[in-house]
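>>> Provide a 3D model corresponding to the input given below.
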Amino acid sequence: MATTPMIPPAGAGNPNLDGAAAAPPVPGTDMTGICFRDQLWLNTYPLDRNLVFDYFALSPFYDYSCNNEQLRVRAIHPLDLSHLSKMTGTEFMLSEVLEPHLFVFRKQKRDGPEKVTPMLTYYILDGSIYQAPQLCNVFASRVVSTSFTQHVFCPTLSGIIMHSFVISVSKCLNHDCMIYGSLGFG
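The predicted structure is shown next:
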């Protein structure tokens, strides 16, 4: 099995960005507009389930304070569930794989062997890494575009629908709704 050379983190950030350590993004930062791709790495190593985590760790989405990084430092495979399930804190799990084109990672908070809370979803599509949008953001975008179309044809109906949507979204945000999108496999 081929392995990539491990690059130790300098501080809390990724040492590959401009030669300086960059701080990890503040929790809650929307990074859905960012795409990461390292063509040199992709030309050198195969993108498969054994090496995909090493590739993901090069991206700005990776958090060097996660449990997976602690396992990497100890020369244990970072996705080894037998070790991760004994730890608490933030971790990344490979949740869906359609080799070699699609890999889906979930960032989650582990509070115990069986208690995990999903935080964010990332996907690697043909070598490009993206953060998946939260499901409530997708719904909000669709409702706004639908509302505009309805407003053109029936302004009264549009106002009623938009009012109920704003109320339901505000309820969701007030209760820290943890609904995240998935790519729908499985």
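>>> For this structure, which segments count as helices?
All helices of the chain, identified by DSSP state H, fall at 39-44, 52-56, 67-73, 81-84, 135-153, 155-174.
>>> burial measure for the closest residue to Pro100 other than its chain neighbours, as a count.
Sequence neighbours aside, Leu47 is the residue nearest to Pro100 in space, at 5.2 Å (criterion: Cβ to Cβ, 6 or more residues apart in numbering). From N, CA and C alone the C-beta is placed, and that goes for glycine too. Leu47 has 17 neighbours, counted by other Cβ atoms under 10 Å.
>>> Then Asp111?
If we define neighbours as other Cβ under 10 Å, then Asp111 has 11 of them.
>>> got it, and the one 5 residues further on?
Counted by other Cβ under 10 Å, the residues lying close to Val116 total 16.
>>> sorry, back to before: residues contacting the residue nearest to Pro100?
In this structure, Leu47 makes contact with Tyr55, Pro100, Phe103, Ile124, Gly127, judged by Cβ atoms under 8 Å, 6 or more residues apart in numbering.
>>> need the least confident one among the helices of the chain, by mean pLDDT.
The weakest mean pLDDT among those belongs to helix 155-174, with a mean of 57.
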